[in-house]
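S.K.: Just to be clear, the model below is a prediction. Sequence and coordinates:
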Amino acid sequence: MGLLPFPAYVGMEDLKRALLALAVDPSIGGLLIMGPKGTGKSSVVRSFARLLPPIKVVSDCPFHCDPDSPRDMCDVCKARLSENGKLPVAEVPMPMVELPIGATEDMVLGTINIERTLKEGRVAFEPGLLGRANRGLLYVDEVNLLPDHIVDSILDAAASGWHVVEREGVSLRHPARFILVGTMNPEEGELRPQLLDRFAIGVKVETVRDPKLRAEIVKRNVEFESDPEGFEAKWRPVEEELRRRIAEAKRMLPNVRVSDELYELVARVCARLEVDGYRPDIVAIKVARALAALEGRGEVTEEDVVAGLELALSHRTRAEGLKPPPTKEEIRAALSEALGRKVPATAKEEVREKKSQVRFFPRWSF
């Protein structure tokens, strides 16, 4: 079965919002999508990849180095640029690399071919998936089933934007800046909490229960299967508008302002929820800025901050791991309290119930 156009997927608004924010600002970090099988997690991600704009690259570089940014080039491209003063340039679709469940360490990280290196007198590097995903999207399906050390290496590269390969005294550094998206079905295995918390944002996807929405899902899939070209043509204007908004948002992102009051609001909410570390605060602000840019606004609003907090906190343990991630109700209740507003009774009961449950992660259900 083919892939529906990205905007044609019914529901999953939080997931769509998270993916679009990453398209605007990949420095936000990795996205973890949690949910049961059959909810369309993988399909939405693959359709999203088709929205991403083409990129200009050094044409013969396996890492898709940016010819206009010498500081972000691999060692080989830097040396060639220094020696020749220019590099061959081409425009290519933004790469999407999928990491299979049975991937080995060399397959993911790449390796230096020692035999060729000694014979040719130069570093002969065989790129891994991290290198091939540079300046693109790296999709890791069932990330919770991968060995922890491989997940750790992927997250390290995603956080730093660089990957260093060292073998037998020979080393090579190459850029590894990519949009990282991982999916997991918690019923099939858990992700170590230390790794879970290192994903910048998280989204929980659930099976749609509303009969009208389920009927619309079936209707669109049947319509697409009956006439794929006609269906895609109908949604093409919406896709083009999304591409335009992403491109415009990337241009205006550096100029999006965040008031001191909103910085303090995010800090107060995270402190009230006993969130560990400061990274979630930073991520929430980055997401809020990206969402504001997508809407064509030059200033972040309280609504942007709420969305940023929900995406940044929905998967993070708290109180040094003694508490599970906060629910949306808890986040909004903490936000109301931080603003001095009256908290709805239902939200108070939800927070009180959660506080009474002292559980050790990761034994909560998604």
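M.R.: It's in.

S.K.: where in this structure is pLDDT low?
M.R.: The chain contains residues with pLDDT under 70 at 1, 122-123, 167-170, 321, 342-366.

S.K.: what about 50?
M.R.: Within the chain, the ranges that satisfy pLDDT under 50 run 345-366.

S.K.: What ranges does it have for its strands?
M.R.: Ranges of strands in the chain, per DSSP state E, are 31-34, 55-58, 89-92, 96-99, 111-112, 125-126, 137-140, 162-167, 170-175, 179-184, 201-204.

S.K.: Compare the ones you listed and give me the one nearest residue 66.
M.R.: Taking C-beta to C-beta, strand 55-58 is the member of the strands of the chain nearest to residue 66, at 7.0 Å. Quick note: C-beta positions are derived from backbone N, CA and C, even for glycine.

S.K.: And the closest one, what does it pack against?
M.R.: strand 89-92 (3 or more C-beta pairs under 8 Å, 6 or more residues apart in numbering; DSSP states H and E).

S.K.: Output the strands of the chain in a markdown table; the columns should cover distance to residue 236 and mean neighbour count.
M.R.: Converted to a markdown table, the strands of the chain look like this (distance: least, C-beta to C-beta, whole Å; neighbours: other C-beta atoms under 10 Å):
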| stretch | distance to residue 236 | mean neighbour count |
| --- | --- | --- |
| strand 31-34 | 26 | 25 |
| strand 55-58 | 22 | 18 |
| strand 89-92 | 21 | 12 |
| strand 96-99 | 20 | 19 |
| strand 111-112 | 42 | 18 |
| strand 125-126 | 39 | 18 |
| strand 137-140 | 21 | 24 |
| strand 162-167 | 37 | 17 |
| strand 170-175 | 33 | 18 |
| strand 179-184 | 23 | 26 |
| strand 201-204 | 26 | 24 |
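
S.K.: Save these as TSV, and put in distance to residue 278 too.
M.R.: Below are those laid out as TSV (distance: least, C-beta to C-beta, whole Å):
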stretch	distance to residue 278
strand 31-34	19
strand 55-58	32
strand 89-92	37
strand 96-99	29
strand 111-112	36
strand 125-126	36
strand 137-140	25
strand 162-167	22
strand 170-175	26
strand 179-184	20
strand 201-204	15
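
S.K.: Tell me which of these sits nearest to residue 248.
M.R.: With respect to residue 248, and counting by C-beta to C-beta, the nearest of the strands of the chain is strand 55-58 at 16.9 Å.

S.K.: how about the longest helix along the chain: buried residues?
M.R.: Ranked by residue count and defined by DSSP state H, the top helix of the chain is helix 228-252. By 16 or more other C-beta atoms under 10 Å, the buried positions in helix 228-252 come out as 231-232, 235, 239, 242-243, 245-246, 249-250, 252.

S.K.: Name the nearest residue to residue 189, ignoring sequence neighbours.
M.R.: Once flanking residues are discounted, residue 189 sits nearest to residue 144: 4.6 Å by C-beta to C-beta, 6 or more residues apart in numbering.
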